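Chemist: Let's see this in three dimensions:
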Amino acid sequence: MEAILYSVTFIIFFGLAFYSLRASRLEEAFKKGRVFEIRLAYFLISLVVGVAASELLYRIFSLTGASL
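Modeler: So this is what the prediction gives:
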């Protein structure tokens, strides 16, 4: 059950991070025409945020003893 919760929260947080990063002006940090690098940066940052947020939520649930 924990694996399902972790996976679902990861997907949700990954999607939210990716969506919110699109609103940022990250592409200004790159040279023009570097589309692949910009997309890769969006993906990697979203991946890190998704894993960190899922791990935080998982640890909060495990420390409080909450069960689903």
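Chemist: since we're on A23, how many residues are nearby?
Modeler: The number of residues packed near A23 is 7, by other C-beta atoms under 10 Å. (Each C-beta comes from the backbone N, C-alpha and C, glycine too.)
Chemist: got a pLDDT number for S7?
Modeler: S7 is assigned 90 on the pLDDT scale.
Chemist: Who are the packing partners of the strand or helix carrying it?
Modeler: According to DSSP states H and E, S7 maps onto helix 2-22. For helix 2-22, the packing partners by 3 or more C-beta pairs under 8 Å, 6 or more residues apart in numbering; DSSP states H and E come out as helix 35-64.
Chemist: count of residues packed around the residue nearest to E2 when sequence neighbours are not counted?
Modeler: Of all residues not flanking E2 in the chain, Y58 sits nearest, at 7.0 Å (C-beta to C-beta, 6 or more residues apart in numbering). Neighbour count for Y58, taken as other C-beta under 10 Å: 16.
Chemist: Y58 and S7 touch, don't they?
Modeler: No. The pair Y58 / S7 is not scored as a contact, 10.5 Å apart, by C-beta atoms under 8 Å.
Chemist: Pull out the buried residues from the helix holding S7.
Modeler: 6, 9-10, 13-14, 17-18 (16 or more other C-beta atoms under 10 Å).
Chemist: what's the lowest-pLDDT member of those?
Modeler: Y6 (87).
Chemist: Check the gap between it and L44 for me.
Modeler: Counting by C-beta to C-beta, to the nearest Å, the gap from Y6 to L44 is 20 Å.
Chemist: looking at it, F30 is touching R39, isn't it?
Modeler: No. In this structure, F30 is not within contact of R39 by C-beta under 8 Å, at 10.4 Å.
Chemist: still on that earlier bit, from the chain's centroid, how far away is the helix holding S7?
Modeler: 5 Å (C-alpha atoms, centre = their mean, to the nearest Å).
Chemist: ok so, going back, return every residue with contacts to both of F30 and R39.
Modeler: Common contact partners of F30 and R39 (C-beta atoms under 8 Å, 6 or more residues apart in numbering): none.
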